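Asks: sequence and predicted structure below; questions after.
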Amino acid sequence: MAQLWGGRFTKETDQLVYQFNQSLGFDKRLFEQDIRGSLAHAGMLAAQGIITGEERDEIMEGLEGILKDVSDGKLKLEGEYEDIHSFVEANLTERIGDAGKKLHTGRSRNDQVALDMRLYIRDEIDETKDLLADLLRAIYEICDQNRETYMPGFTHLQKAQPVTLAHHFGAYFEMFKRDLERLSSIRDRMNLCPLGSGALAGTTYPLDRAYTAELLGFDGPCENSMDGVSDRDYVLEYLNSLAVTMMHLSRLSEEFIIWNSNEYRFVELDDTYATGSSIMPQKKNPDIAELIRGKTGRVYGALMSLLTTMKGLPLAYDKDMQEDKELTFDAIDTTKGCIQLMKGMIETSSFRKDRMEESAKHGFTNATDAADYLVRKGMPFRDAHGVIGRIVLRCLDEGLKLDDLPLTEWQKESSLFDGDIYDAISMKTCVDRRTTKGAPGAIDQELANAKAYLDQLKED
Ligand code: ARG
């Protein structure tokens, strides 16, 4: 087994200990970031005269060669190496000899892994943002096509007031937009370079930390070397952000599941996004939505796990921190996959305007508007509420909806009712009258803002 630290040891590591300790099995994911960091480090070492220009060129050529061989499949990310850092250094030295042994000058695996993880999380944040932008575009399309698709809005899962499908999906647009913005702010905060922190106390070499930071696209080096090697709060912030996104995805999944049920049938899932039953031939199940809802738990788990891992660690580096990787990788893969699948499910589903509108007409979703009608005719709202309550009761007794109740019946409860009551409580009026900012009748403005946001995302 290739180890970087054999000198002070007189015996080989126990095999069980080696297996328990090694991280190559999972930190091989950081391979590309590890090479990127080493290229910058070598460039800086030469610029500072710590290694020669010739040694730098050899190192860089060697690293590029390793990168290429791995991407061509000629070199496999496996073998008896403790971690990805050992893998790269051992392969480099095998290729170029002594210059390879100089690469680690002024560097520790502690700042190296802190750098790799930061580069990796930064890359993943960018990809997650792109996927969220795609999801937002898909949601916008549904909103745009359904400005006049009336449906019941719910509270307590009871029909409440009429809204439109555009307004309903518009709410999710805002949620996923905040998720995207949250990622941007995490990225801004974490974009400082830990390389040069050394094991914990910096180094005695005249490193130019600002230069490596710049080479790697950071805003600058992080301030404190002990903080640089030992905090993982940016991973936690990212995991938290993924957990919130999964929570949003899970709520939307739940809506799909309810809307796809036999009782609702607001949505028809495409055959490509549904599954069948091995025994019940009639079934078309919303497994994708259920799985997204289900996988939310493991992303929460990753967040709780790392919070717990970190909570008792004294400064600076502790090996516990190696546990920041596996569950984080899993949470990233899971969330990215779920965002893509949600986008696909939205794009392929058919929304049943007829069913939604029919449902909104039943369940007295226009009762508030009937009360508002009386208020416009001068009755105090509390009295109007009582009048309409009694009319609803009457309708329930007779199995009628408000729209079908004869005028004479309305007038039995209040002489303020006239023939115009029917128009005042029509679905369209109920929605169109709600024109305060953020309400369903102001959807055109809301969607114009959404469109402007998407256009600006494209430009960034
Ligand atoms: N595999 C380690 C990790 O992921 C790399 C850093 C190891 N440093 C050390 N001093 N053993 O944290």
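Replies: Ah, there it is. Residues are numbered from 1 along each chain as shown.
Asks: quick check: next helix or strand after the host helix or strand of residue 388?
Replies: Taking DSSP states H and E as the criterion, residue 388 maps to helix 381-398. Downstream of helix 381-398, the first helix or strand assigned by DSSP H and E is helix 407-413.
Asks: quick check: closest non-adjacent residue to the closest residue to the ligand within the stretch 201-350 of the chain.
Replies: The stretch 201-350 of the chain approaches the ligand most closely through residue 322 (3.7 Å), counting by Cβ to the nearest ligand atom. From N, CA and C alone the C-beta is placed, and that goes for glycine too. Once flanking residues are discounted, residue 322 sits nearest to residue 23: 5.4 Å by Cβ to Cβ, 6 or more residues apart in numbering.
Asks: got a list of what residue 201 touches?
Replies: By Cβ atoms under 8 Å, 6 or more residues apart in numbering, residue 201 lies in contact with 225, 226.
Asks: can we see that at 7 Å?
Replies: Contact analysis of residue 201 by Cβ atoms under 7 Å, 6 or more residues apart in numbering lists residue 225.
Asks: would it count as being in a strand?
Replies: No - Residue 201 is assigned coil when assessed by DSSP: H, G, I helix; E, B strand; the rest coil, not a strand.
Asks: could you check the pLDDT of it?
Replies: Residue 201 carries a pLDDT value of 97.
Asks: cool, and residue 460?
Replies: pLDDT recorded at residue 460 is 82.
Asks: distance-wise, check residue 171 relative to residue 163.
Replies: Separation of residue 171 from residue 163 (Cβ to Cβ, to the nearest Å): 9 Å.
Asks: more crowded one of these two?
Replies: Neighbour tally, residue 171 and residue 163, criterion other Cβ atoms under 10 Å: the higher count belongs to residue 163, 26 against 17.
Asks: tell me the first helix or strand C-terminal of the strand or helix carrying that one.
Replies: Remark: residue 163 resides in strand 158-164, with elements defined by DSSP H and E. For strand 158-164, the following helix or strand on the C-terminal side (DSSP H and E) is helix 165-190.
Asks: what comes up buried for that next one?
Replies: Under the neighbour-count criterion of 16 or more other Cβ atoms under 10 Å, helix 165-190 has 165-177, 179-180, 182-183, 186-187, 190 buried.
Asks: one step back: pretty sure the residue nearest to residue 322 contacts residue 85?
Replies: No - using Cβ atoms under 7 Å, residue 23 makes no contact with residue 85, being 9.3 Å away.
Asks: neighbouring contacts of stretch 299-308?
Replies: Outside of stretch 299-308, the residues within contact range by Cβ under 7 Å, 6+ apart are 232, 235-236, 239-240, 242-243, 246, 324, 327-328, 330-331, 334-335.
Asks: what's the burial count for the closest residue to residue 108 other than its chain neighbours?
Replies: Nearest residue to residue 108, sequence neighbours excluded (Cβ to Cβ, 6+ apart): residue 199, at 3.9 Å. Other residues near residue 199 come to 16 when the count uses other Cβ under 10 Å.
Asks: the more surrounded of residue 23 and residue 85?
Replies: Comparing residue 23 with residue 85 by other Cβ under 10 Å, the one with more neighbours is residue 85, at 24 against 20.
Asks: host element of that one?
Replies: The secondary structure element spanning residue 85 is helix 84-96 (assigned by DSSP H and E).
Asks: helix or strand right after that helix?
Replies: Following helix 84-96 in sequence, per DSSP H and E, is helix 98-102.
Asks: and that following helix, what does it pack against?
Replies: helix 53-71, helix 84-96 (3 or more Cβ pairs under 7 Å, 6 or more residues apart in numbering; DSSP states H and E).
Asks: so which of those helices comes closest to the ligand?
Replies: Nearest of those to the ligand, taken as Cβ to the nearest ligand atom: helix 84-96 at 6.4 Å.
Asks: only alpha carbons, please: show the closest one as PDB.
Replies: Taking Å, rounded to 0.1, in the frame of the first residue of the first chain, the C-alpha atoms of helix 84-96 are listed here in PDB:
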ATOM      1  CA  ILE A  84      -7.100  10.600  -3.800                       C
ATOM      2  CA  HIS A  85      -4.200  12.800  -2.800                       C
ATOM      3  CA  SER A  86      -1.900   9.800  -2.300                       C
ATOM      4  CA  PHE A  87      -3.100   8.300  -5.600                       C
ATOM      5  CA  VAL A  88      -2.200  11.500  -7.500                       C
ATOM      6  CA  GLU A  89       1.100  12.100  -5.800                       C
ATOM      7  CA  ALA A  90       2.200   8.400  -6.200                       C
ATOM      8  CA  ASN A  91       1.300   8.300  -9.800                       C
ATOM      9  CA  LEU A  92       3.000  11.600 -10.500                       C
ATOM     10  CA  THR A  93       6.200  10.600  -8.900                       C
ATOM     11  CA  GLU A  94       6.100   7.300 -10.800                       C
ATOM     12  CA  ARG A  95       5.900   9.300 -14.000                       C
ATOM     13  CA  ILE A  96       8.300  12.100 -13.500                       C
END
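Asks: coming back round to it: tell me which entries of the contacts of stretch 299-308 lie within helices.
Replies: Taking DSSP state H, the ones among these that sit in helices are 235-236, 239-240, 242-243, 246, 327-328, 330-331, 334-335.
Asks: hmm, back to that, as a markdown table, the helices and strands packed on helix 98-102 with mean pLDDT would be great.
Replies: Output for the helices and strands packed on helix 98-102, formatted as a markdown table (pLDDT from 0 to 100):
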| stretch | mean pLDDT |
| --- | --- |
| helix 53-71 | 98 |
| helix 84-96 | 98 |
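Asks: residue 350 bridge partners, please.
Replies: When assigned by DSSP bridges, residue 350 has beta-bridge partners residue 268.
Asks: what is the burial count for it?
Replies: Residues lying near residue 350 (other Cβ under 10 Å) number 9.
Asks: and what of residue 444?
Replies: 11.
Asks: okay then, goodbye and thanks.
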